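Visitor: Could you work out the structure for the sequence below:
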Amino acid sequence: MSSSKPILVLVQGSAPLSDDARSVLESFFQVREVDQQEAAGLLVESSALAFTSPEAKQATEEVTATRILQQFAEGVGIVDRRGEIEWMNRKLSEIDPETMRRFTDACVGALQGGDTTNQRWTFTSGGSSYEVAISPMSYDEDMEGKSELRSVVGMLLDSTAIQKIRERIERIDQAGADLIDIDSDQIKTLNSSERLIMLEGRIVKCIKEVLNREHFEVRLLDRRTGKLELVIGNGIDPLKVGEVIHAEVDGNGISGRVAATGKNYICRDTKIDPLYLGGMEHAGSSLTVAMRLRDRIMGVINIESAEVDDFTEEDLFCTELLGRYVAMAINMLDMLVVERYTTNEKISHDLAGQITTPLDELEQLTSGLESITGNQELASRTERMMELMTVIRNRVHDCTSGPRTIIGAEEAMKTDIDDPLLNGVRVLVADDEPEIRTSMQGILSRHGCDVTCCSDGNTAIEAIQAEAQRGGSFDLVISDVKMPDRNGYEVFKATKDVNQDTPVILMTGFGYDPHHSIVRSSQEGLKSFLFKPFAVEQLINDVHKALGASRGKGGR
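Guide: Next comes the predicted model:
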């Protein structure tokens with residue numbers, strides 16, 4: 001057992017220590033008589049030393065400074081104007097000849113430049129990146145008494161890791177610039193959902209190529225409900241229908257806590273971390289970062305790996321940086337969609353106001369023609385003109401009512417259509433707008449369909465699951481993306497869980513998709529979506545396409 005007494009080092013001198021003196025000292029200290037070199041070594045190795053002479057302390061300080069220089073950086077050396085190394089530490093002497101040459105060239109370059117300030121030079125050698133910190137060392141005086149720099153001290157630093165981080169950040173910056181470049185001519189030709197699908201493709205490509213990860217998900221925060229809605233998923237199983245994650249500290253896993261606190265999180269081992277709730281099959285570790293738009297948290301990016309402790313602080317930093325670009329891109333697209341939605345509604349209402357008055361006057365003038373002439377043929381044509389003006393008025397009403405109507409629905413519900421492809425087809429329609437449900441049922445019924453209408457997502461999902469319990473399934477499901485309780489993706493997912501071959505058509509007003517249901521569903525096979533207000537002809541055409549594709553795969 002080692003003694004707890006402090007060490008007293010006595011440097012050997014001409015007068016030896018008497019036995020009595022040693023006995024007294026040993027009652028308080030661990031006494032060691034050594035020479036100056038041994039004393040210096042003890043100072044380096046121990047933190048509790050006493051010395052009997054200032055010479056010993058000076059010797060120790062010199063040895064300590066030398067040891068620091070020997071271990072510092074990748075190497076330290078003093079180089080003169082001829083490129084000769086006047087002194088170097090052990091680490092510099094051990095580097096390869098090519099790196100030594102480049103180090104010397106950097107020091108000579110600094111000397112020849114005549115700059116007496118500290119400088120930093122960079123070079124690459126053997127696949128590694130280096131920096132040399134160079135400082136003036138000594139000067140010579142010429143015949144006129146002017147000082148000339150004679151030598152410099154160079155400190156060699158291996159910057160390979162730093163350079164790799166710089167290159168990685170540059171790749172993220174370039175990828176981020178591509179994400180937020182949404183004003184090109186190509187993007188202007190796309191509708192809102194197509195833009196989101198294109199953005200989703202860019203994000204997936206970016207995470208795969210820049211972060212070199214295959215298993216990840218992007219969730220956006222619904223500020224009204226506090227839910228973290230899945231927008232993009234790659235290699236991670238989505239939650240079951242009805243399961244949700246909220247931005248809350250407790251009970252909502254790592255993603256919920258990160259979204260609530262804004263603090264990024266590395267899960268080193270999923271098997272022992274109590275916050276990890278499950279995602280990727282056989283996950284070993286995960287990384288979750290908050291997507292920030294200034295001080296606002298837009299959502300989270302969650303990346304998972306099969307390896308335990310597979311994420312570093314560098315990974316966290318790079319993912320957070322990329323997350324800022326993703327947040328900016330999604331926010332810009334959302335603003336464009338909302339702007340389009342509100343602009344279209346305003347234009348529609350303005351159009352209705354402008355056309356109503358002249359249309360009323362035209363009807364009044366037309367209705368008086370028959371009484372003026374008494375001509376039967378003119379009366380017949382007048383009646384037809386009145387009918388057409390009613391149609392115009394109804395069409396204008398449908399268009400200006402926006403997402404709450406189907407254009408041409410009133411006329412389409414007056415006549416039965418012989419449509420062999422739709423005869424007997426069982427269709428479920430889910431929409432919280434009563435007029436949409438009534439119109440859809442009337443139109444599809446006239447074409448021979450058996451239509452079931454649901455006023456919300458829960459009812460629709462229950463009907464789909466009840467049909468499955470009876471051993472069957474609907475032939476087609478048509479659902480709005482935005483309902484009070486469930487969104488379109490959840491209805492889509494419930495449908496596919498029952499029968500993967502059942503086609504689904506999602507509807508959205510002017511492309512407005514706050515939960516990004518169309519993007520999420522498109523990742524899992526959605527082929528058709530309608531932007532309200534749509535025409536009857538467009539509805540029937542999409543229904544034909546959906547059922548035709550389904551039957552081509554062996555469906556009903």
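Visitor: List the contacts of residue 266.
Guide: Contact analysis of residue 266 by Cβ atoms under 8 Å, 6 or more residues apart in numbering lists 285, 286, 287, 311, 313, 316. In short, each C-beta sits where N, CA and C put it, glycine included.
Visitor: Could you look up the SS state of it?
Guide: Three-state call for residue 266 (DSSP: H, G, I helix; E, B strand; the rest coil): strand.
Visitor: For it, name its beta-bridge partners.
Guide: Beta bridges link residue 266 to residue 287, judged by DSSP bridges.
Visitor: Name the nearest residue to residue 322, sequence neighbours excluded.
Guide: residue 172 (5.2 Å; Cβ to Cβ, 6 or more residues apart in numbering).
Visitor: Would you enumerate the residues in contact with the one you found?
Guide: Counted by Cβ under 8 Å, 6+ apart, residue 172 has contacts 210, 318, 321, 322, 325.
Visitor: so which of these comes closest to residue 240?
Guide: Nearest to residue 240, judged by Cβ to Cβ, of the contacts of residue 172 is residue 322 at 28.7 Å.
Visitor: Surely residue 430 and residue 482 touch.
Guide: No. With contact defined as Cβ atoms under 8 Å, residue 430 and residue 482 do not form a contacting pair (11.1 Å).
Visitor: out of those two, which sits in the more crowded spot?
Guide: Using other Cβ atoms under 10 Å as the criterion, residue 430 and residue 482 rank with residue 430 on top: 29 against 19.
Visitor: May I have the residues that are in contact with that one?
Guide: 453-457, 459-460, 477-480, 483, 491.
Visitor: Give me the lowest-pLDDT entry from these.
Guide: In terms of pLDDT, the weakest of the contacts of residue 430 is residue 483, which scores 84.
Visitor: where does the one residue sitting closest to the centre of the chain fall, helix, sheet strand or coil?
Guide: Residue closest to the average C-alpha location in the chain (Cα atoms, centre = their mean): residue 323, at 3.9 Å. With three-state DSSP as the basis, residue 323 sits in helix.
Visitor: close enough to count as contact, it and residue 297?
Guide: No. Residue 323 lies out of contact with residue 297 (Cβ under 8 Å); the separation is 10.0 Å.
Visitor: hey, what's in contact with both of those two?
Guide: 290, 291.
Visitor: rewinding a little: turn the contacts of residue 266 into TSV, including distance to residue 108.
Guide: As requested, the contacts of residue 266 are exported to TSV (distance: Cβ to Cβ, whole Å):
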residue	distance to residue 108
285	48
286	51
287	46
311	43
313	38
316	41
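Visitor: buried subset of these?
Guide: 285, 286, 287, 311, 316 (16 or more other Cβ atoms under 10 Å).
Visitor: Which member of those residues is positioned nearest residue 302?
Guide: residue 286 (6.4 Å).
Visitor: Let me see the confidence value for that closest one.
Guide: Looking at residue 286, the pLDDT reads 95.
Visitor: Tell me who's in contact with it.
Guide: By Cβ under 8 Å, 6+ apart, residue 286 lies in contact with 254, 266, 267, 270, 276, 279, 280, 302, 303, 304, 305, 311.
Visitor: tell me which residues in stretch 78-95 are buried?
Guide: 78, 79, 80, 85, 88, 89, 91, 92, 95.
Visitor: got a list of what the closest residue to residue 106 other than its chain neighbours touches?
Guide: Sequence neighbours aside, residue 121 is the residue nearest to residue 106 in space, at 3.9 Å (criterion: Cβ to Cβ, 6+ apart). Residues in contact with residue 121, defined by Cβ under 8 Å, 6+ apart, are 106, 109, 110, 131, 132, 134.
Visitor: got the CA positions of the one helix or strand the last one maps to in CSV?
Guide: In this assignment (DSSP states H and E), residue 134 forms part of strand 128-141. What follows is the C-alpha trace of strand 128-141 in CSV, where atoms were taken according to Å, rounded to 0.1, in the frame of the first residue of the first chain:
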residue,chain,number,x,y,z
SER,A,128,-3.2,13.5,-45.9
SER,A,129,-3.8,17.3,-45.4
TYR,A,130,-1.4,19.3,-43.3
GLU,A,131,-1.1,22.9,-42.0
VAL,A,132,2.1,24.5,-40.9
ALA,A,133,1.9,27.3,-38.3
ILE,A,134,5.1,29.4,-38.8
SER,A,135,6.5,32.1,-36.5
PRO,A,136,9.7,34.2,-36.6
MET,A,137,12.6,32.7,-34.6
SER,A,138,15.8,34.6,-35.0
TYR,A,139,17.2,37.6,-37.0
ASP,A,140,20.6,38.7,-38.4
GLU,A,141,21.7,42.2,-38.8
